[in-house]
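S.K.: Sequence and predicted structure are below.
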Amino acid sequence: MDNPRLLPVEECERVLRLISARRPKGRRAPARIFSWWNGEIRWGRNTVTLVTARRNINLASDAATNQTDDVSLESLIQADRNRDELVKSFAFPSLGLSAPDLPEPKTTIWSDKTFDSDIEERAKFIHVLCDAAKSEGMISAGYMEMRGGRLAMLDYGSESIRVNDFTQAQCSLTVRHPKGIGSGWAGLSSYDWASIDADAIAQRAMDKCIASLDPVAIEPGRYTVILEPDAVLSMVNMLDFSRRSAEATGPGSPWWLFFDFALQKGRSKLGLKVIDERITIQHDPTDPMLGVLPEPGMTSVKWITNGVLTSLNNLRHDALEDLNDNLATLDRFALHMSGGETSKEEMISSTERGLLVTRFSNLMLIDAASALCTGLTRDGLWLIENGKITKAVKNMRFTESPVFLLNQVQEMSVPVRTFRPVKDPSNAGVGGAVIPMIKARDFSFTSMVDAV
């Protein structure tokens, strides 16, 4: 293919083998090439404002470059040599153990439909979204993005080269009333563009916008809530399943800003029930719905099993020191949360008085010890009375802990893929989320918000 979007496999292998042959003997740090292509369209007020197509290469060992010519490669190799003594001092600290051979999962997250798309196809997709808003006299804004990538890695201390390809597509649509009195949103991300239905996204955003018109004010307080999957994901994202030592999590450390289940040594909640027993939160890199780009050392894990905390992510130093384990468990970018069989309509019909929430925004952590956070409702909030949606409600601020929320669950739907975009196309960390809708008791809303 002339002018290929991704660096050919043969060229990736040539460059990595050259680095392997020229780098200092005994070097165990990996070298990697990440080649990516990105196509994007953005629009506002029903008019396209940006169309881009980008390609780039990131070649990293100890140093980094985006060029593969001989001069650039020689500079990279020389930088490796200059930093060799420094690398030796911190790569595998003080424990005298070599890095283990890391297993690599296999998965399929490649879609020809995504990678082969051209600007004409993407433009037709956008017209469907914009025309739906125009037909109802509404204003639409959003973006759609497609990308493909190739990650080639020279394995630790060997001549083995691993090559993995992936694609991703994502679309976000907001529809608003011209007078700013209503807003609706819909979005989805997947490795396969064929699974993203433009008509369904347009209809969902339009329906929510129309249903949110003329909202009323209600008193803040604790309400039964029905949270759509994107709202649930926002709360679950506030949890941190990392194991960290006391030295790394004390006051003054940046890690102190984030809640996790093991703030200090000796205080781990492993083996304890922490949320509702119907809930399991896990990661499986072979699950195509999650769209994970596999890397060495990435294994499946269940952080929470039937409500019990069963696993944590470990830095290698902590794994060696605390667990006598020579293998770190890497942070994962994707998660799958178990659900139930209750439909949205059934949740509404069984609710005497409550609120239906589309999604949240502007989440901030208030208290690390309890994971208490605050944020705003967005793009549709409705009052439910006697089993029916009766009126749109003005947006509200909430103050709640995801741990409390997940202990107050009444019902859950079948989990579905949600909108979890990758904002930086040069980032090889691809990961989605499969999340249910939930109905929960006593969710705390603390004030009204004068915003759409």
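M.R.: Received it, and whenever you're ready, just let me know what you need.

S.K.: for this protein, what spans make up the helices?
M.R.: When secondary structure is read from DSSP state H, the chain shows helices at 9-22, 70-82, 84-90, 112-115, 119-135, 198-211, 229-236, 246-249, 316-323, 344-349, 402-405.

S.K.: rank those by pLDDT, which is bottom?
M.R.: With a mean of 44, helix 246-249 has the lowest mean pLDDT of the helices of the chain.

S.K.: picking that back up, any idea which of the helices of the chain is most buried?
M.R.: helix 229-236 (a mean of 23; mean count of other Cβ atoms under 10 Å). Glycine gets a C-beta too; all of them are placed from N, C-alpha and C.

S.K.: Which strands or helices does it pack on?
M.R.: Judged by 3 or more Cβ pairs under 8 Å, 6 or more residues apart in numbering; DSSP states H and E, helix 229-236 is in contact with strand 335-337, strand 353-367, helix 402-405, strand 433-435.

S.K.: okay if I get the ones you listed as CSV plus distance to residue 277?
M.R.: Compiled in CSV, those are given as follows (distance: least, Cβ to Cβ, whole Å):
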stretch, distance to residue 277
strand 335-337, 14
strand 353-367, 23
helix 402-405, 14
strand 433-435, 18
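
S.K.: Give me whichever of the ones you listed is most buried.
M.R.: Highest mean neighbour count among the helices and strands packed on helix 229-236 (mean count of other Cβ under 10 Å): strand 433-435, with a mean of 25.

S.K.: if we can go back for a sec, of the helices and strands packed on helix 229-236, which approaches residue 232 most closely?
M.R.: Residue 232 lies closest, by Cβ to Cβ, to one member of those: strand 433-435, at 5.1 Å.

S.K.: Quick one: distance of that closest one to the chain centre.
M.R.: On the basis of Cα atoms, centre = their mean, to the nearest Å, strand 433-435 sits 9 Å off its chain's mean C-alpha point.

S.K.: and that strand, what does it pack onto?
M.R.: helix 229-236, strand 335-337, strand 416-417.

S.K.: and if we set it to 7 Å?
M.R.: Where contact means 3 or more Cβ pairs under 7 Å, 6 or more residues apart in numbering; DSSP states H and E, strand 433-435 is packed against helix 229-236, strand 335-337.

S.K.: Please produce CSV containing these, extended by distance to residue 14.
M.R.: Shown next, in CSV, are the helices and strands packed on strand 433-435 (distance: least, Cβ to Cβ, whole Å):
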stretch, distance to residue 14
helix 229-236, 41
strand 335-337, 37
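
S.K.: who wins for proximity to residue 242 among these?
M.R.: Once those are compared by Cβ to Cβ, strand 335-337 is nearest, at 13.6 Å.

S.K.: Adjacent strands (with direction) for that closest one?
M.R.: Each strand paired with strand 335-337, and its direction, by DSSP bridges: strand 281-283 (antiparallel), strand 433-435 (parallel).

S.K.: quick one: average pLDDT of that strand?
M.R.: Mean predicted lDDT for strand 335-337 stands at 93.

S.K.: which residues sit against that strand?
M.R.: 236, 279, 281-284, 287, 290, 415, 433-436 (Cβ atoms under 7 Å, 6 or more residues apart in numbering).

S.K.: how about a cut-off of 10 Å?
M.R.: By Cβ atoms under 10 Å, 6 or more residues apart in numbering, the residues outside strand 335-337 that reach it are 229, 232-233, 236-237, 239, 241, 279-284, 287, 289-290, 301-304, 406, 412, 415, 417-418, 420, 431-436, 438.

S.K.: Poorly predicted segments of this protein, please.
M.R.: 1-3, 23-30, 61-63, 80-107, 155-159, 243-268, 294-297, 314-332, 423-430 (pLDDT under 70).

S.K.: that older thread, of all the strands paired with strand 335-337, which lies closest to residue 343?
M.R.: Closest approach to residue 343 among those is made by strand 433-435 (15.5 Å; Cβ to Cβ).

S.K.: quick one, what contacts the closest residue to residue 7 other than its chain neighbours?
M.R.: Nearest residue to residue 7 in three dimensions, chain neighbours excluded: residue 35, at 3.8 Å (Cβ to Cβ, 6 or more residues apart in numbering). Residues near residue 35 by Cβ under 10 Å, 6+ apart: 4-9, 11-12, 55-59, 66, 68, 148-152, 165, 428.

S.K.: Which members of the residues you listed occur in strands, if any?
M.R.: Mapping the contacts of residue 35 onto strands (DSSP state E) picks out 55, 56, 57, 58, 59, 148, 149, 150, 151, 152, 165.

S.K.: Next, format the residues you listed as JSON lines and append neighbour count and distance to residue 356.
M.R.: Below are these laid out as JSON lines (neighbours: other Cβ atoms under 10 Å; distance: Cβ to Cβ, whole Å):
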{"residue": "55", "neighbour count": "16", "distance to residue 356": "43"}
{"residue": "56", "neighbour count": "13", "distance to residue 356": "42"}
{"residue": "57", "neighbour count": "19", "distance to residue 356": "46"}
{"residue": "58", "neighbour count": "16", "distance to residue 356": "43"}
{"residue": "59", "neighbour count": "24", "distance to residue 356": "49"}
{"residue": "148", "neighbour count": "26", "distance to residue 356": "37"}
{"residue": "149", "neighbour count": "25", "distance to residue 356": "37"}
{"residue": "150", "neighbour count": "23", "distance to residue 356": "42"}
{"residue": "151", "neighbour count": "21", "distance to residue 356": "41"}
{"residue": "152", "neighbour count": "23", "distance to residue 356": "47"}
{"residue": "165", "neighbour count": "17", "distance to residue 356": "40"}
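
S.K.: about what we covered before: which one, of the helices of the chain, ends up nearest to residue 357?
M.R.: Among the helices of the chain, helix 229-236 comes nearest to residue 357, with 4.8 Å by Cβ to Cβ.
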